[in-house]
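A.B. asks: Turn this into a structure:
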Amino acid sequence: MTKTVLTIAGSDTLAGGGLQSDIKVFENHQLFGLTAITCVAVVNNHQFEINDLSPSLLQEQLTTIKDHLNVDGIKIGLIHQLESLEIVKSFLRGFVGPIVLDPVMAFKETDRVYGDTYREKLIELFPFATIITPNLKEAEILAQQPITNLDEMALAARKILALGARSVVIKGGERLSGELASDLFYDGEQSEFFSKPKLTQAAINGAGCSFASAITSNLVLGKELIPAISKSKEYVYQGIKNGITLKNGEGNVWFGDSVQTEVMT
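C.D. replies: Take a look at the predicted model:
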């Protein structure tokens with residue numbers, strides 16, 4: 001019987017990340033994807049703009065899903081509103097199955113007070129999650145420390161676990177110096193780096209979303225955490241290599257037939 005996966009996330013109009021990316025990943029893994037939309041992101045006058053859906057509409061979406069389908073796994077992306085965080089927390093209570101929390105923190109530097117409040121409310125979701133998947137910037141915000149090398153990444157991972165997470169994988173991406181892009185997994189007992197050579201392709205939009213949704217997919221399919229992360233790392237690596245270029249020179253990850261054939265088998 002086909003398994004179902006829910007993404008609670010924002011809509012990326014350019015379809016590099018957000019729920020559009022999640023659905024593509026779920027389908028690549030032969031899973032049926034469901035969506036609960038929290039907001040819609042657009043680019044307006046070259047600025048990234050987030051338009052929130054009302055928390056009541058998010059609640060109606062989650063109620064519709066709960067009433068009509070069994071869900072085998074949940075991936076959580078951008079929530080953005082404090083009231084919506086509370087709604088998601090209530091929805092997660094009693095859920096049995098893997099939950100992957102990608103702690104997207106999309107607020108401006110000038111929104112410091114809101115950002116601090118949002119951080120505290122987001123941390124309340126940590127105990128529900130099987131794994132937390134922050135990028136370097138998000139890990140810095142959560143751990144409240146800079147990350148400029150692998151040792152600082154390891155320290156941040158320990159701090160994030162101390163906030164109530166069961167496990168974490170920090171996505172290193174391109175920011176750290178060196179020839180490798182390294183991600184760090186830590187669960188309080190095991191610690192493991194997952195590294196690949198850095199790519200020159202600009203198609204990195206959606207890489208973080210896709211990594212989290214691929215981990216969710218692999219967990220739903222019965223894989224343990226470390227194999228799920230390893231397989232997802234390779235999957236996203238191929239998605240960057242085969243990505244599409246936007247008019248401004250940036251690019252989106254893309255998982256075409258060649259990626260599926262190479263990674264999914």
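A.B. asks: Partner strands of the helix or strand hosting residue 6 and their direction?
C.D. replies: Following DSSP states H and E, one finds residue 6 within strand 4-12. Partners of strand 4-12 in the sheet, by DSSP bridges, are strand 32-44 (parallel), strand 73-76 (parallel).
A.B. asks: Of those strands, which shows the lowest average pLDDT?
C.D. replies: Ranked on mean pLDDT, the bottom entry among those is strand 32-44, at a mean of 94.
A.B. asks: Please list the residues outside that strand that contact it.
C.D. replies: Applying Cβ atoms under 8 Å, 6 or more residues apart in numbering, the external contacts of strand 32-44 come out as 2-14, 18-19, 22-23, 26-27, 48-53, 58, 61-62, 65, 69, 71, 77-81, 84, 106. Where you see a C-beta, it was placed from the backbone N, CA and C, and this is true even at glycine.
A.B. asks: quick one: average pLDDT of whatever helix or strand comes next after the strand holding residue 6?
C.D. replies: With elements assigned by DSSP H and E, the helix or strand that comes after strand 4-12 is helix 18-28. Helix 18-28 shows a mean pLDDT of 96.
A.B. asks: List of residues touching helix 18-28?
C.D. replies: Helix 18-28 is contacted from outside by 5, 7, 9-12, 15, 32-33, 35, 37, 41, 75, 77-78, 206, 209-210, 213-214, 216-217, 235, 253, 255, 259-260, 264, using Cβ under 8 Å, 6+ apart.
A.B. asks: now it and strand 32-44, what's the angle there?
C.D. replies: Counting by axes from the mean of the first three to the mean of the last three Cα atoms, to 10 degrees, helix 18-28 points 150 degrees away from the direction of strand 32-44.
A.B. asks: which is the next helix or strand following the helix or strand containing residue 214?
C.D. replies: Counting by DSSP H and E, the element that carries residue 214 is helix 207-220. Once helix 207-220 ends, the next helix or strand along the chain (criterion: DSSP H and E) is helix 225-241.
A.B. asks: can I get the CA coordinates of that following helix in PDB?
C.D. replies: C-alpha atoms of helix 225-241 as PDB (Å, rounded to 0.1, in the frame of the first residue of the first chain):
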ATOM      1  CA  LEU A 225      18.700   7.600  10.500                       C
ATOM      2  CA  ILE A 226      22.300   7.400   9.400                       C
ATOM      3  CA  PRO A 227      21.600   5.400   6.100                       C
ATOM      4  CA  ALA A 228      18.700   7.800   5.500                       C
ATOM      5  CA  ILE A 229      21.000  10.800   5.800                       C
ATOM      6  CA  SER A 230      23.700   9.300   3.600                       C
ATOM      7  CA  LYS A 231      21.300   8.400   0.800                       C
ATOM      8  CA  SER A 232      19.600  11.800   1.000                       C
ATOM      9  CA  LYS A 233      23.000  13.500   0.800                       C
ATOM     10  CA  GLU A 234      23.800  11.700  -2.400                       C
ATOM     11  CA  TYR A 235      20.300  12.400  -3.800                       C
ATOM     12  CA  VAL A 236      20.600  16.200  -3.200                       C
ATOM     13  CA  TYR A 237      24.200  16.200  -4.600                       C
ATOM     14  CA  GLN A 238      22.900  14.800  -7.900                       C
ATOM     15  CA  GLY A 239      20.000  17.300  -7.800                       C
ATOM     16  CA  ILE A 240      22.400  20.200  -7.600                       C
ATOM     17  CA  LYS A 241      24.500  18.700 -10.500                       C
END
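A.B. asks: Partner strands of the next helix or strand after that helix and their direction?
C.D. replies: Downstream of helix 225-241, the first helix or strand assigned by DSSP H and E is strand 244-245. The pairing partners recorded for strand 244-245 under DSSP bridges are strand 251-252 (antiparallel).
A.B. asks: Mind listing residues that contact the strand it pairs with?
C.D. replies: Strand 251-252 is contacted by residues 14-17, 201-206, 243-246 when judged by Cβ under 8 Å, 6+ apart.
A.B. asks: still on that earlier bit, so how do I select the buried members of the contacts of strand 32-44 in PyMOL?
C.D. replies: Restricted to buried positions by 16 or more other Cβ atoms under 10 Å, the PyMOL selection for the contacts of strand 32-44 reads:
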select buried, resi 3+4+5+6+7+8+9+10+11+12+18+19+22+23+26+50+52+53+58+61+62+65+71+77+78+79+80+81+84+106
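A.B. asks: All set now, cheers.
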